[in-house]
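Undergrad: dropping the sequence and predicted coords here.
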Amino acid sequence: MKKFSLKQIFRIVLASKIVGFLLIMIGAAFVDSILPVFFVFGSIGLLLILAGVFIDAVYYVCPKCGLWLGSAALPSDYCRHCGTKVDQVEDKKGD
Ligand SMILES: [Zn+2]
């Protein structure tokens, strides 16, 4: 299984949250006219946001201590738990 870099995870989480939010907004525009559209868009949007939160919590972790690095919306260069330098770039190391 290919391991995603933190940078890629950051992009995936951000994209799923933004798309999910947009879907809910689009669905909300139909809440008075076509209610099923609201439910379909709303639930897909909610799932995307939940998936984003889940990926964030499970994969956006420190490579050294394994603890959550905090919200992926605010990427940090250092782990706030153990102080390890966190590589945000994918092609830095060769190992
Ligand atoms: Zn750490």
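TA: Received the coordinates, thanks.

Undergrad: near the ion, which residues of the chain?
TA: Remark: the part of the chain in contact with the ion comprises Cys62, Lys64, Cys65, Cys79, His81, Cys82, Thr84, using C-beta under 5 Å from the ion. All C-beta spots, glycine's among them, are computed from the backbone N, C-alpha and C.

Undergrad: can you redo the residues you listed as CSV with secondary structure?
TA: Rendered in CSV, the data for these read as follows (DSSP: H, G, I helix; E, B strand; the rest coil):
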residue, secondary structure
Cys62, coil
Lys64, coil
Cys65, coil
Cys79, coil
His81, coil
Cys82, coil
Thr84, coil
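
Undergrad: most neighbours of all those residues, which one?
TA: Comparing the residues of the chain next to the ion on neighbour count, Cys79 comes out first with 20 neighbours (neighbours: other C-beta atoms under 10 Å).

Undergrad: that one reaches Gly66, doesn't it?
TA: No - look at Cys79 against Gly66 with C-beta atoms under 8 Å: they stay out of range, at 9.7 Å.

Undergrad: just the residues of the chain next to the ion now: which is nearest Val40?
TA: Distance from Val40 was checked for each of those by C-beta to C-beta. The minimum falls on Cys62, at 37.9 Å.
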